[in-house]
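A.B. asks: Mind folding the following:
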Amino acid sequence: MKAYVFPGQGAQFSGMGKDLYENNATAKQLFEQANEILGFRISDIMFSGTEEELKQTKVTQPAIFLHSVILVKTLGDKFVPDMVAGHSLGEFSALVANGCLSFEDGLKLVFKRALAMQKSCEREASTMAAVLGLEDDKVVDLCRRVTREIVVAANFNCPGQVVISGSIKGVEEAGELLKVSGAKRVLPLKVSGAFHSPFMEMAQEELETAINKVEFHTPICPVYQNCTALPAIDVDMIKKNLVCQLTSPVLWTQTVQNMVKDGATNFTEIGPGSVLQGLIKKITSTASTDGMQ
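C.D. replies: Residues are numbered from 1 along each chain as shown. The predicted model follows:
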């Protein structure tokens with residue numbers, strides 16, 4: 001069975017989507033439509049912006065979404081998924097790919113999400129760090145031992161790689177505990193805030209309001225959602241899980257394991273970079289991977 005997966009924040013690079021724009025009429029039309037919807041020429045930033053410009057959450061999220069979704073649109077009838085999933089932001093790309101959201105509504109929701117998350121990051125200083133070489137349960141337990149600060153396990157990316165998220169002091173304190181307990185490395189991430197943590201609660205409220213105003217359609221195939229790692233077809237369940245995602249951990253390891261258990265034999269990553277292919281290879285040895293960017 002064929003699974004398509006879509007990357008999240010951090011996969012961006014200057015020049016992303018430029019070849020698509022220049023060589024495909026459908027892609028060019030969709031990029032121009034996106035520029036109009038957003039009210040600024042995001043395509044110019046994607047094609048020739050600086051690293052700093054691309055790192056702004058309000059740019060990064062719609063840029064990665066556009067790269068992924070426009071690639072899918074150029075495939076036309078060749079895109080026949082049995083199942084889809086996306087890492088964090090990538091879940092929105094997956095929902096447009098499987099017909100649950102329209103291109104326009106998906107882009108508007110992603111932009112709303114990005115603005116709300118950026119606002120939350122500006123409200124209170126927070127951060128994230130990657131923990132390498134410890135079991136998932138141990139990372140969760142050690143984060144719970146930090147009682148005076150907020151710090152949680154936010155991304156279960158693959159065996160031996162968990163991202164923690166929280167206050168700056170909380171992440172530092174947890175990092176020390178994790179290193180003493182055998183973590184090979186604890187690497188601070190260059191992010192604007194603590195995604196997938198309680199710091200995103202206000203952003204979650206804004207996103208929920210926006211989601212409830214948008215029409216969702218029954219998808220052509222299941223989406224495996226971040227906060228449950230389980231397949232969903234029911235529109236109400238998909239919406240609920242999409243809201244839940246902002247403050248819940250990304251269960252990527254469990255998601256890929258469940259997709260394989262349900263019959264996935266090949267994973268194609270659609271969008272910038274190849275991060276998900278690398279993670280999937282560490283999660284399963286039975287399925288093949290490839291990518292489109």
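A.B. asks: What are the boundaries of the helices in the stretch 151-293 of the chain?
C.D. replies: Along the stretch 151-293 of the chain, the stretches classed as helices by DSSP state H, counting those that start in this stretch are 168-180, 201-211, 235-244, 252-261, 275-283.
A.B. asks: so what does the last one touch, helix or strand wise?
C.D. replies: For helix 275-283, the contact count by 3 or more Cβ pairs under 8 Å, 6 or more residues apart in numbering; DSSP states H and E identifies strand 2-6, strand 151-158, helix 252-261, strand 266-270, strand 288-292 as packing neighbours. Bear in mind the C-beta positions are built from the backbone N, C-alpha and C, glycine included.
A.B. asks: Now tell me what touches that helix from outside.
C.D. replies: 5-7, 10-11, 87, 90, 157-161, 252-253, 256-257, 260, 267, 269, 287, 289-291 (Cβ atoms under 8 Å, 6 or more residues apart in numbering).
A.B. asks: 6 Å instead?
C.D. replies: Here helix 275-283 makes contact (Cβ atoms under 6 Å, 6 or more residues apart in numbering) with 5, 7, 11, 157-158, 253, 256, 267, 269, 289, 291.
A.B. asks: likewise stretch 25-40?
C.D. replies: By Cβ under 6 Å, 6+ apart, the list of residues contacting stretch 25-40 from outside reads 20-21, 41, 43, 66, 70, 73-74, 107.
A.B. asks: Centre of the chain to that stretch, how far?
C.D. replies: Taking Cα atoms, centre = their mean, to the nearest Å, one finds stretch 25-40 lying 22 Å from the centre of the chain it belongs to.
A.B. asks: Would you indicate which residues of that stretch are buried?
C.D. replies: Within stretch 25-40, the residues that qualify as buried are 27, 30-31, 34, 38, counting by 16 or more other Cβ atoms under 10 Å.
A.B. asks: Just the C-alpha atoms of that stretch, please, in CSV.
C.D. replies: C-alpha atoms of stretch 25-40 as CSV (Å, rounded to 0.1, in the frame of the first residue of the first chain):
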residue,chain,number,x,y,z
ALA,A,25,1.5,26.3,-15.4
THR,A,26,-0.7,24.7,-12.7
ALA,A,27,2.0,25.4,-10.1
LYS,A,28,2.5,29.0,-11.2
GLN,A,29,-1.3,29.7,-11.0
LEU,A,30,-1.5,28.2,-7.5
PHE,A,31,1.5,30.2,-6.3
GLU,A,32,-0.1,33.4,-7.6
GLN,A,33,-3.4,32.5,-6.0
ALA,A,34,-1.6,32.0,-2.7
ASN,A,35,0.1,35.4,-3.0
GLU,A,36,-3.3,37.0,-3.4
ILE,A,37,-4.9,35.0,-0.5
LEU,A,38,-2.0,35.9,1.9
GLY,A,39,-1.7,39.5,0.8
PHE,A,40,2.0,39.4,0.2
